[in-house]
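Sequence plus the predicted model coming up.
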Amino acid sequence: MTELEFLSWVRGPGFQIATVIFVFGIIVRLLEIFLLGRKANLAEANGSEMSGGMRAIFSRMAPESDTMKRSMFTIVAGYIFHIGLFIVIFLFAPHILFFSDVIGFSWGALPTPVVDMTSVITMITLAAVLLHRIKDPVMKYLTKTQDYLVWLVTFLPLLTGYLAFHRVGLPAPSLLALHILSVELLMVLFPFTKLMHAFTFVLSRWYNGAISGYKGVRS
Amino acid sequence: MKKHSTGARLSSSDDTLGAALRRQGVSRRSFLKFCAATASMMALPPTMVPAIAKALESAKRPSVIWLSFQECTGCTESLTRAHTATVESLIFDSISLDYHHTLQAAAGHGAEAAREEAMKENFGKYLLVVDGSIPVADPGYSTIAGISNLDMLMDTAKGAAAIIPVGTCAAYGGIPHADPNPTGAVSVADLIKDKPIINVPGCPPIPVVITGVLTHFLTFGTLPELDDLGRPRAFYGQSIHDRCYRRPFYDKGQFAETFDDEGAKKGWCLYKLGCKGPTSYNACATTKWNDGTSFPIEAGHPCLGCSEPEFWDGGGFYKALSIPTTEVARDALYAGAAAVAAGSALGMMNRARSKQAKSEHEKVSVDDLQKED
Amino acid sequence: MSTKLEQAVHALKEQIDAPVASFLSSCVHCGMCAQACLFHTETGDPKYTPILKVEPLRRVWQQEYTFWGRMKKMFGLAKPITDEFLAEWEELVYDSCTMCGRCSMVCPVGNDITYMIRKTREGMAVSGHVPDGLVGATTRAVTIGSPMGVKFVALEAQIRHVEKDYGYKVPVDVEGADYLCMLSSMEIMNFPEYIGAIAKIFDHADVSWTLSSKAFEATNSGIQIGVSDIAAELVQRIVSEAERLKVKCVISPECGHAYTAIRWEGPNLAGKKFGFKVRHILEVLDELRQEGRLKTEGMKDNRLTYHDPCQIGRRGGVLEQPRNLINMVASDFVEMPDAGKMNWCCGAGGGVSTNERADEIRLKSFQRKKEQLEAVQAETLVSACSNCRIHIEDGLEAYHMDIPVISLTETLAEHLVDKE
């Protein structure tokens, strides 16, 4: 397989396969969760489920002070790499082109050097997060193979993207192909791993907020 | 088109290149200038210039056989269509081009006789230039004087010192090779494994690259350093994107969205219009075309990536590189629809399982909590 | 008859709903819940990480309610749920979790871990891997009527004492009263002053109330051990009495989980909406305050702080009322760090105090409360849960601290203006 054939494959059939698994898997999993349903609460309400739930979706972005103190690294590093991923994925011009091709509309991009710097910061943060996972006793105890796998498939697109942008080591078509392939790997693993939290966190936060909100507590 | 001497042979291969150049009226000064330019283009140190000059001057004009197969003659056009006589073109005049069926006056058996004679005379020493791809599905697709391209190539290659496939068709199969490739077109390198091959791809390739490769071969008697696609690194080492004068706009995120918008008028990056510059390796952005006038991006058109294998099948000239070649939205929609069906089924199954579990509930009493002793 | 293990898996299977499935799908193993749990913060042991405590529930969910997990199970790739596994989890689910709900407040993806612990206990209870103390308490609650084995005769005796000491009538079985007042065994046996305080306050505010001779016990061991059938039976006793006496409102006493049991789980356990309201005593008192029916005099002037019982505050929603009431009677009220909905548990809720095996870790985890108290240099601690009070007194003694722990209701009663 030549380089361009490889690139054509990842841009064509490869991406098709990944898209199908990604979309199919996520929707199936969300329905699997959602359709389980829950019992109606017969207790007299002391607050609104809906407003409690909606509130929690956003309020969990701002941890209160004791949590902040105790989980400083997790929160700060978590913020950096999530925002970093957001910037790199959604505000890089070539990526926006991809999205506008798929969904039909586009938005403004950040200057390339800014995205470039962000990707470096994000990779450094992810490395620190991995180190924390290996060193911290609680994290170590909690960690399963899947956690490392998910870390890897999150890190690889950043790394290959960075290499492709700066064209390090291999000819550009191969680097671009590897980058797209790494994204496809991420997409394929997405529905089967904890990466699902990117979607289910909305459900979870809502349920949490709703359970508390019903009792008049803002969680 | 330049005039060439008549007869079966385009020029004599007896005298040296230096002598031939002087006879053509090339001054020593402009010759050295050419040597310096060639050296810099091939990333050789300036100290190499006298060596190049000396080597070229004393080099015996090599015999060159040029075979044209499934091609459009664009490569030859490119090489011969210089507006003014340049040292590069003169170098061309100064090789002993013993066979080129587009340029030579001889035809038919006379022409073939010239090829055979050159082969015999310079066996093991001549350079073989090929443009066009070779059909292997059926040899009848392309023949010359009743000889199939395949046979002619294999026969001529035997005595070649090196082979220079010129143009993307000869180098990688090119347009004839494009999907669905009805003639079974293949590249030179697909067929010949035992000879040094220097690919000079491009559709068409840049003329100075040819002379550069020839100069290198004449100077050092060796092949230039090649990349993994068999191209001389000196010319194909950097991507169009690397040397593009519009690169700062890419870095700033300023893109032309259409061919006639404000961005296009301001000369912004053509990435969004499908420019293949980032994945295409060629010297266009530095050597430019038409005597250094410009290159496609300068004319406001994205790079097609013509010097790359499979460039014709790369998913559309006007589709940005980061965009998948298939209809992702359609795929996603179908997958989504199927998922809603499957997910609903699985979800309802889950619901039923949960309901069944509840209906099978066995009431727990304090007796059940007592430990079995 | 199915084995206890099969029953356990079945019970867990019954418990799983959409919130559980979404919580378990969302966990990213970030470890933040560990930092919110006093059993981890005070021991440093990572095994007390809250989300890990629901592992039995997680395995059942994965193997029964996810396509992928079912495939894995089919091919024998899923982690089995064995008796040994459940045995190992017993300590994590019962000894080192008070269901205080603090982890549920910090989870960045919004997992209500406490909600899942409650459900996990449903499986653990029937598996037989459950602390003896809890089994005993639950058995007594069902057979005798109170986890501490208190019978009505004992309550009657206390009522007589209270009536004599306080000089107020304590109504029993009065049909048509507005409020049916519930008690916890702990109040009956250890803090009968609470009954006196109620009698005094309700007399002061002219509240029509009654106790019930048939259902006076508000606590619900079924909730702590995790058997909804038993919890429902215990709740039903209260519901029947409330309906028989035709009261408008049932008052949950100064007890944390009793409030959760009757107020929030009650109707769901009974399977119907109640025809009466359920309020915590602090809610009732704050309503009286708002209506101007409480007249107090004098202020406590020593530095006083309030401990939010988890089930009343964070898990119950009664957060402002105690503050309103304290401000009526205390001039130097200070809040401990993290007070309110983020307050740290005393360390003895959720059945931990009933489980003697957990005594050591219970006292160890008390360090958290100790630090909180030291941070504000509290001279008096007010609370509204007798279980919290007993354990805090225990902890203070263990850590050689001398801070009186008092009931908010009783404190309020002390400051009431004498009726003309």
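Cool, got the structure.

leaving aside the residues next to it on the chain, what's closest to the closest residue to chain B within the stretch 301-420 of chain C?
As assessed by Cβ to the nearest Cβ, chain B sits closest to C:G351 within the stretch 301-420 of chain C, at 12.9 Å. Using the backbone N, CA and C atoms, a C-beta is placed for each residue, glycine as well. Distances taken as Cβ to Cβ, 6 or more residues apart in numbering or on different chains put C:Q224 closest to C:G351, at 3.4 Å, once the chain neighbours are dropped.

so is B:S78 in a helix, a strand, or just coil?
Per DSSP: H, G, I helix; E, B strand; the rest coil, the secondary structure class of B:S78 is helix.

show me the contacts for the residue of the stretch 151-300 of chain C found nearest chain B.
Nearest residue of the stretch 151-300 of chain C to chain B, counting by Cβ to the nearest Cβ: C:D229, 4.5 Å away. Taking Cβ atoms under 8 Å, 6 or more residues apart in numbering or on different chains as the contact definition, C:D229 lies against B:363-365, C:222.

residues in contact with the one helix or strand C:A157 maps to?
Using DSSP states H and E, C:A157 falls within helix C:152-166. Helix C:152-166 has contacts (Cβ under 8 Å, 6+ apart) with C:145, C:168-170, C:172, C:183, C:188-189, C:192, C:195-196, C:199-200, C:211, C:213-214, C:216.

now stretch B:282-298
Counting by Cβ under 8 Å, 6+ apart, residues outside stretch B:282-298 touching it are B:41, B:82-84, B:86, B:201-202, B:206, B:208-209, B:235-236, B:238, B:240, B:242-246, B:270, B:275, B:277, B:302-304, B:306-307.

Just the buried residues of those residues.
Listed as buried from these are B:41, B:82, B:86, B:201-202, B:206, B:208-209, B:235-236, B:240, B:244, B:246, B:270, B:275, B:277, B:302-304, B:306-307; burial here means 16 or more other Cβ atoms under 10 Å in any protein chain shown.

Which residue lies nearest the spatial centre of the chain?
Using chain A here. Nearest residue to the geometric centre of chain A (Cα atoms, centre = their mean): A:A198, 5.2 Å.

should've been chain C
The centroid of chain C falls nearest to C:H257 when counting by Cα atoms, centre = their mean (2.1 Å).

Give me the longest helix you can find in chain C.
Secondary structure assigned by DSSP state H gives helix C:228-244 as the longest helix of chain C.

what's the average pLDDT for that one?
Per-residue pLDDT over helix C:228-244 has a mean of 97.

Now do the buried residues in the longest helix along chain A.
Secondary structure assigned by DSSP H gives helix A:112-135 as the longest helix of chain A. Of the residues in helix A:112-135, A:112, A:114-116, A:118-119, A:122-123, A:125-126, A:129-130, A:132-133 count as buried by neighbour count, 16+ other Cβ under 10 Å.

Out of these, the closest to chain B would be?
Closest to chain B, out of all of these and judged by Cβ to the nearest Cβ, is A:T112, at 4.4 Å.

So C:T120 is in contact with C:A11, correct?
No - the criterion here is Cβ atoms under 8 Å, and C:T120 misses it with C:A11 at 9.7 Å.

which stretches of the stretch 101-250 of chain C form strands?
For the stretch 101-250 of chain C, applying DSSP state E, counting those that start in this stretch gives strands covering C:179-181, C:209-210, C:249-252.

Let me see the contact set for whichever residue of the stretch 101-250 of chain B sits closest to chain A.
With Cβ to the nearest Cβ, the shortest gap between the stretch 101-250 of chain B and chain A falls at B:S239, namely 5.6 Å. Residues near B:S239 by Cβ under 8 Å, 6+ apart: A:167, A:172, B:277-281.

Which members of the residues you listed are positioned in helices?
Of these, the ones assigned to helices by DSSP H are A:A172.

Compare the contacts of B:S239 and tell me which is most surrounded.
Within these, neighbour counts (other Cβ atoms under 10 Å in any protein chain shown) peak at B:G277, which reaches 29 neighbours.

Next one, pLDDT for that residue please.
pLDDT, B:G277: 92.

Roughly how far does it sit from C:L180?
82 Å (Cβ to Cβ, to the nearest Å).

you'd agree B:A55 is up against B:F220?
Yes - the criterion here is Cβ under 8 Å, and B:A55 meets it with B:F220 at 7.3 Å.

and residue 16, what does it touch?
Defaulting to chain A. When contacts are counted by Cβ under 8 Å, 6+ apart, A:Q16 touches B:324, B:326, B:328, B:331.

My question was about chain B, not that one.
By Cβ under 8 Å, 6+ apart, the neighbours of B:T16 are B:57-61.

Tell me the buried residues within those.
Among the contacts of B:T16, those scoring as buried are B:57, B:59, B:61 (criterion: 16+ other Cβ under 10 Å).

quick one: the residue nearest to the centre of chain C and C:I312 touch, right?
No - the pair C:H257 and C:I312 fails to qualify as a contact (Cβ under 8 Å) at a distance of 9.4 Å.
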